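1. Pasting the sequence and the predicted coordinates here, then a few questions.
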Amino acid sequence: MASTSADHPRDHDHAPRLGRRPLAAGLLASLVLGGVRVAFAEGRGDGRKFVLVILRGAMDGLAAVPPVGDRDYAAIRGALAVREGALELGNGFAIHPSLSGLHGLYRENQLLVVHAVASPYRQRSHFDGQAMLELGTARVGGTDGWLNRALSAMGATAPPAMAVGTGVPLVLSGSRGVMNWQAGAAPSSRIAPLAGAVAHLWEGHPLLEPALAEGVRTGGLVTDTLGRGRVGGAFADACKAAGQLMAAPGGPGVVVLELGGWDTHVGQGTDRGRIATSLTQLDAGIMALRGALGGAWDRTVACAVTEFGRTVRPNGTGGTDHGTAGAAFVAGGAVAGGRLLADWPGLSPGALLDDRDLRPTLDLRAIFRSVLSDHLGIASAGLARIFPDADGLRPVQGLVRA
Amino acid sequence: MGQANAHVLASRYAFGIGPEGVRPLVSDPVPGMVAALALPQPAPAEMTPTRVLEFLERSRQNRARVLAREAGQPEPPITVVGSRERLEEDLRVRALEAVTMPQEGAYREVLVRALSNMLSVSAVRGEVAGIAATYEAEAIRPNAGADWGTLLLASASHPAMLAYLDAGTSVGPNSRMGGRRGLNENYAREVMELHTLGVDGGYSQSDIRELALGLTGWALNHNTGRFSFQEDRHEPGTRTLMGRTFAEGGVEQGRAMLRFLAAHPVTARRTCERLAVHYLGMDPPKSVVDAMDAVWRSTGGMLPQVMRAMLQRPEAWDPAPLKPRTPEEWLTAACRLIGMEPSTPGLRDAMPRLLRKMRQYPFSSQSPQGYPVDTARWISPDGVMERLSISLEVADMALAWRPSGWDPRQMAARAGLGQRSATAVAGAPSLRDGMAMVLLSPEFMWR
């Protein structure tokens, strides 16, 4: 259901909202989305599209993109090593079996897999890690995200931007107005991960623990596992809606989506289990996005990134803890894909960071900067303002097709 | 007072810790609390009569529509706001007031709501919907600093109570109107069982009948929307209630009988217990109830003084959480901790809606007992799942309002969470989940 417009004269981050009435007079196009008529004001053609998918909770890069050819991988990953069904990428890397759609994109040269990549953040708090990922700085603290600054840098040529989901995330917050589309609330897909954490917190409580156990059981929630129900579920729906909105003339050119469920401290699983469920959702989402974009996919770059990776060795509860470097995906018809971008540090004891984490050899900001310059055409002076602490970063070349 | 604790003060006796957290107490808070409870209130704007007349007019308009429809004629329009809409709007305002109220005002308001539940009216009766919140504002709140008898009389004569428990339509068999309509014992039974003596209070069925007879004539005037005593419905003669006789005296007869019940020692003890249960949990220490009871006897049931007796007990300041927060208490505390404001988008409409989801839509209990005082009843499988869902909704509202500037770890510290909960909050995978975890921590679910 679209968020309805309310008058918030100073709430410039959130105007205009989509609602049951047109945004403005002089409409060029409208579409019906989930029963709600959505219309856009007159916009430009060209339509280079950028989608950012924030994977909240620290996706395990070593599970998503297992370095099967690394000689230390199997031993150090132990029970969490993904071998069964992993899909070959070449050069000693594979992709998790749940990411079969992405694997297909890879073979069509529409997916760039990035590994051993991280933001400048080196602690292990989700809140601060996500903040730094979204701020685009080397320090936590700030109220405007790098993508909002990018829109400002584009000035009059900036396309409309939209956050899909509840609220506008930090990466899109700032002086530039953006839209917010709320897909119909799908509480069970967000409650499930929370229920897991709450069950842990309430363990041993004489009233809360049994109530939750029974509530989860009768509510049919699956807190562990093998996702039942529609593959992809709410995230795929959100991606499909995003694609439709972007494909509509005058629709947004920049969209941010979010997907949680990545914080696999317990029972991570390998080719099946919690990580597999989450990767299935991601895969279904990207493929739904591609389908909904139609021809616009050729002009699209979609990045899926996470705040940090996870520990290389399993912990004591069949999962992993917060790490540093991980993997990222850059997908789209505009991407020069079919390759893996990594300066692989290895998994031997001396190669690990703090003797626990995959060592980062690439900065995520370099990926973002490359997209902004090569795909959205932002000049280097603008880029310096968007990523203020990033002067010394090794640039990434050839990310998008000529 | 060494035992008084700023956290307890905010969580147990007010609406919850605000976004700035709590400052340590520098002096005994009890005198200030009692002064706030005793402070005379300005007379509230009288909304009840207007609402009553509006309801009656709407009922007339509904009937006219039905008749027109049956006669195959065009239906006349409804031109008057419905009572449920009125209630929903009243509840939006009321919910926001609790979220934004300065702590000094909250001591009294927490008591008002407790009293309002003890003398409960419910919108399950349609006539009550539009006048339930006004009942609390006009009968309960102004008398929360008075004695129990005064409060009981105000409750008994308010149109909401007259409608809810049928006192307003009860007719004495030997009154001038007797024969056409009959005696209704509903209110008499409930006032003895729920509002005063309690079910084991030592009264009989004939006492209930005598009280009901004494209260005949108490009615709602359909022209003014106010209480009026209708002589032609009043049962003439002397009444005998628990061995005491009450001379015929029109409306004064019923008032005297109610005052008698209010002043009864069994009522004193029971009401002290009910108040102690509200604040301190299902098994309040006997020493606390004893102290309250003694003060009740010596002051004739003056509520601020009775509350002081409770507040002066060290058990009242037990830092351990004593009872689960009701859905309303929890939601209010959540919005306060976050620092939500009336202008927070979505908040105003959300609060009554979320209270309904959690089955504590105010003034809508299924029975005259009001909402359960054994608040553990809400810690049910459905109840906790609903809290999970709603804590995410509340976090969403906060994040939609301000995408940045939240730190769940700081929220956890302000809320006084223990180590285990604080660690869980700090490790949450997103801001949204982190904020939800604060609200779902056992410390925050209790007060």
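-> Looks like it came in fine.
2. From here on, just use CA atoms for contacts and neighbour counts.
-> Noted.
3. now the strands for the stretch 101-250 of chain B?
-> Secondary structure of the stretch 101-250 of chain B, counting by DSSP state E, counting those that start in this stretch: strands at B:218-220, B:227-229, B:239-241, B:244-246.
4. Out of those, indicate the one that is most buried.
-> Burial of those is given as mean neighbour count (mean count of other CA atoms under 10 Å in any protein chain shown); strand B:218-220 ranks first at a mean of 26.
5. partners of it, with directions?
-> Paired with strand B:218-220 in the same sheet, following DSSP bridges, are strand B:227-229 (antiparallel).
6. contacts for the partner strand?
-> For strand B:227-229, contacts defined as CA atoms under 8 Å, 6 or more residues apart in numbering or on different chains pick out B:157-159, B:217-221, B:250-251.
7. Quick one: residues in contact with the helix ranked longest in chain A.
-> Longest helix of chain A, by residue count under DSSP state H: helix A:274-293. The contact list for helix A:274-293 (CA under 8 Å, 6+ apart) reads A:60, A:63-64, A:96, A:98-102, A:224-227, A:231-233, A:235-244, A:246-247, A:259-262, A:264, A:267-270, A:297, A:332.
8. now swap in stretch B:413-424 and tell me
-> The contact list for stretch B:413-424 (CA under 8 Å, 6+ apart) reads A:197, A:201, B:7, B:17, B:19-22, B:337, B:409, B:412, B:437-438, B:441-444.
9. out of these, which are inside helices?
-> Reading helices off the contacts of stretch B:413-424 with DSSP H, I get A:197, A:201, B:7, B:337, B:409, B:412, B:437-438, B:442-444.
10. Most neighbours among the residues you listed, which one?
-> Neighbour count (other CA atoms under 10 Å in any protein chain shown) singles out B:M437 as the most crowded of those, with 30 neighbours.
11. Make sure that one is actually in contact with A:V198.
-> Yes. Counting by CA atoms under 8 Å, B:M437 touches A:V198, with 7.1 Å between them.
12. Would you reformat the strands of the stretch 101-250 of chain B as TSV and include mean pLDDT?
-> Putting the strands of the stretch 101-250 of chain B into TSV (pLDDT from 0 to 100) gives the following:
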stretch	mean pLDDT
strand B:218-220	95
strand B:227-229	96
strand B:239-241	97
strand B:244-246	98
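13. Those strands into TSV, with extra columns for distance to B:A129?
-> Shown next, in TSV, are the strands of the stretch 101-250 of chain B (distance: least, CA to CA, whole Å):
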stretch	distance to B:A129
strand B:218-220	16
strand B:227-229	17
strand B:239-241	33
strand B:244-246	34
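14. closest point of the stretch 301-402 of chain A to chain B, which residue?
-> When distances are taken as CA to the nearest CA, the stretch 301-402 of chain A reaches nearest to chain B at A:H322, 9.4 Å away.
15. Once you drop chain neighbours, what's closest to the closest residue to chain B within the stretch 251-400 of chain A?
-> Nearest residue of the stretch 251-400 of chain A to chain B, counting by CA to the nearest CA: A:D263, 6.0 Å away. Excluding its sequence neighbours, the residue lying closest to A:D263 (CA to CA, 6 or more residues apart in numbering or on different chains) is A:G57, at 4.6 Å.
16. Identify the residues contacting that neighbour.
-> A:126, A:260-263, A:306-307, B:428-430.
17. Between all of these, which two are separated the most?
-> A:T306 and B:A428 (14.4 Å; CA to CA).
18. Looking at the two, which one has more neighbours?
-> More neighbours surround A:T306 than the other of A:T306 and B:A428, with 32 against 24 (other CA under 10 Å).
19. what's across from the closest residue to that one other than its chain neighbours in the sheet?
-> Distances taken as CA to CA, 6+ apart place A:L55 nearest to A:T306, at 4.7 Å, with adjacent residues excluded. Beta bridges link A:L55 to A:L259, A:T306, judged by DSSP bridges.
20. now A:L55: how far from A:L282?
-> 9 Å (CA to CA, to the nearest Å).
21. Touching both of those two, which residues are there?
-> Counting by CA under 8 Å, 6+ apart, the residues touching both A:L55 and A:L282 are A:L259.
22. Quick one, grab the pLDDT at the closest residue to the residue of the stretch 301-402 of chain A closest to chain B other than its chain neighbours.
-> Once flanking residues are discounted, A:H322 sits nearest to A:R310: 4.6 Å by CA to CA, 6+ apart. Per-residue pLDDT puts A:R310 at 98.
23. Phi, psi for A:R310 please.
-> phi -130, psi 170 (degrees, to the nearest 10).
24. and it, what is it in contact with?
-> Counting by CA under 8 Å, 6+ apart, A:R310 touches A:58-62, A:320-326, A:357-358.
25. State the distance from B:W406 to A:D60.
-> Taking CA to CA, one finds B:W406 at 26 Å from A:D60.
26. Between these two, which is the more surrounded one?
-> In this view B:W406 and A:D60 are compared by other CA under 10 Å, and A:D60 has more residues nearby, 29 against 17.
27. Report how many residues lie close to B:G405.
-> Using other CA under 10 Å, B:G405 has 12 neighbouring residues.
28. Look up the closest residue to it, ignoring the ones flanking it.
-> In space, B:G405 is closest to A:T143, 7.3 Å off (CA to CA, 6+ apart).
29. Write out the residues of the stretch 251-400 of chain B neighbouring chain A.
-> B:376, B:379-382, B:384-385, B:388-389, B:392, B:396-397, B:399-400 (CA under 8 Å from any CA of the partner chain).
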